[in-house]
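S.K.: need a structure here:
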Amino acid sequence: MQTFPLESISVKEAMLKQFRLVDCITNVFPGNEMLTRGDLGVVPGLNKPETTKNVERVIADFFKAEDCMLVRGSGTMAIRYALYKAVKPGGTLLIHDAPIYPTTKVTLDMFNIGVVKVDFNDQDKLRSLLKKEKIDGALVQLTRQKPNDRYDSQEVIKLMKELQPRLPIVTDDNYAVMKIPKIGVEMGANLSCFSTFKLLGPEGIGCIVGEKELISELKKDNYSGGLQVQGHEALDVLRGLTYAPVSLAISAETTQDICDDLNQNAVKGVKRAMIANAQSKVLLIELNDPIAKEVLKEARQLGAAPYPVGAESKYEIVPMFYRVSHTFLESDPSLEDRMIRINPMRSGPETVKRLLSEAIQNVIKDKGKSRNE
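M.R.: Numbering: from 1, shown residues only. Okay, here's the model as predicted:
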C-alpha cells in the first residue's frame, strides 16, 4: 500500500502563522480585553456576545476571508450548516468517490441531499463530469479518505470553479487547519468548515469561514440565545489557534522521524511504517504478525492513550495507539489484524518506539507462554 500524506508546514512556517494570528488579534482587540474572559448573552442589535463577534473577525482576517461564524456542534455542525445553506435540502452534491465520513453522511440523509461521486484523483474524469452534469454544490475533504488518495485540493477546486464558476464549494478542513499552507477558502472554496476542539480549543465549537453572503444568512438563522458561542469560549478558540500550529508542526516532524527509524528496523516485529492522513496525520504500522489488537491492549497498559478525545485536542498529550480508521478498513478489512495507527501527540520519538517495542515483545512472550502451557 502506498500513501500520499498531505505535506505539513515546517516549524518555522508554523511560527510565522502564530505570529500573523497574534498580529490579527492586536488589530481587533485592545490589549486589556485579551486579559478577560469576555462577555455573555445576546447583545441587542448584535444577537451574540461582542467578544465572539470580534474573535470571528480575527479568524476571518487571518484566513483572508470575508466572514466567519463560530457554531455549537464542532466540525460536524459547521459542515451541516454550510451544506444546508450552500446546497439546500434536496439538492445534489458532488463528492469524491470514497467512503463518506459517517457524520457527514448523516447530514446528507437529514437534508435529503443526493450525491454524485467522481474520483478526484482523476482530473479527466472530474472534468468530464463537470462539463456534462449540472450540480448544486460540491464538498471537498482536504485530508485523505482512502489510502491511495493523492489529489491536490487546490487543483480540484480550481477545476470546479473553471468549469462551473457559480458552483458553491464547501471544504471539510478538519485535521488540516494549521497543518498545511492553506485551507479551503484560501484555495478558492466558498466555505471552509472545521472543529476548533482539534486545534487546542474548547469542546464542541466549530468554525465556518468564507463568503459573507452565505455566512450572514446563517447568522440570521442561528438567532437563538442557546446557540450562541459565549465570549469566554470564543477567546479559548483564539488561544487554541495561537498555540496549535507550532504544536502540530512539531508532531508532524516527530512522526516523520519515527517513520524513518521504524523503516530502518528500529523496532523488532515491525514490517514497515508509513505516514497517512487517516484522518489526522499519523503513522500506520504494519506488524509482522496478526497481533494488532493484542498490541493495542498492551500499549494501553504501558501508558499509551487507547482512543481519541478530540483528535489532537488539548487533552491529548501522551502518544495514541489505536485501530486503523473505519474509512481505511473499508478499503482493506484485513488491515484490522496486522496494522495499528499511532499519533505521537506531544511525545518524542524515543517514547513512541519504546512503547511499541515493549508492547510487541510482551504480546509475543504471552503467546509463547500460552503455546507451552
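S.K.: While we're on residue 327, how confident is the model there?
M.R.: The model reports residue 327 with a pLDDT of 65.
S.K.: typo on my end, residue 134
M.R.: Residue 134 carries a pLDDT score of 87 in this model.
S.K.: Can you read off the backbone torsions of it?
M.R.: With angles defined as degrees, to the nearest 10, residue 134 sits at phi -90, psi 120.
S.K.: same deal with residue 207?
M.R.: phi -140, psi 140.
S.K.: Provide a list of residues in contact with it.
M.R.: 59, 68-71, 78, 193-196, 237 (Cβ atoms under 8 Å, 6 or more residues apart in numbering). In this view, the C-beta of every residue, glycine as well, is placed from N, C-alpha and C.
S.K.: Go through the longest helix along the chain and flag the buried ones.
M.R.: Longest helix in the chain, counting residues (DSSP state H): helix 231-262. For helix 231-262, a neighbour-count test (16 or more other Cβ atoms under 10 Å) marks 231-249, 251-259, 261-262 as buried.
S.K.: again with stretch 93-102
M.R.: So stretch 93-102, judged by 16+ other Cβ under 10 Å, has buried residues 93-96, 98-101.
S.K.: The closest residue in space to residue 304 that isn't next to it in sequence: neighbouring residues, count only.
M.R.: In space, and not counting its chain neighbours, residue 304 is closest to residue 321: 4.2 Å by Cβ to Cβ, 6 or more residues apart in numbering. Per other Cβ atoms under 10 Å, the neighbour tally for residue 321 reads 28.
S.K.: what residues are up against residue 321?
M.R.: Contacts were defined as Cβ under 8 Å, 6+ apart; by that measure residue 321 touches 295-296, 299-300, 304-306, 340-342, 355-356, 359.
S.K.: Could you do residue 37 as well?
M.R.: By Cβ under 8 Å, 6+ apart, the neighbours of residue 37 are 231-232, 235.
S.K.: And the pLDDT for it?
M.R.: 95.
S.K.: ok so, going back, heading toward the C-terminus, what's the first helix or strand past the longest helix of the chain?
M.R.: strand 270-277 (DSSP states H and E).
S.K.: how about the nearest residue to residue 4 once chain neighbours are set aside, phi and psi?
M.R.: Nearest residue to residue 4, sequence neighbours excluded (Cβ to Cβ, 6+ apart): residue 150, at 3.8 Å. Backbone geometry at residue 150, expressed as degrees, to the nearest 10, gives phi -140, psi 10.
S.K.: measure residue 150 to residue 97 for me?
M.R.: Computed as Cβ to Cβ, to the nearest Å, the residue 150 to residue 97 distance reads 13 Å.
S.K.: and what of residue 87?
M.R.: 18 Å.
S.K.: on that earlier part again, could you give the average pLDDT over the longest helix of the chain?
M.R.: So the average pLDDT for helix 231-262 ends up being 97.
S.K.: between it and strand 270-277, how many degrees?
M.R.: 150 degrees (axes from the mean of the first three to the mean of the last three Cα atoms, to 10 degrees).
S.K.: tell me which strands and helices helix 231-262 is in contact with?
M.R.: helix 11-26, helix 50-62, strand 67-72, strand 205-210, strand 270-277, strand 281-287, strand 339-343, helix 349-372 (3 or more Cβ pairs under 8 Å, 6 or more residues apart in numbering; DSSP states H and E).
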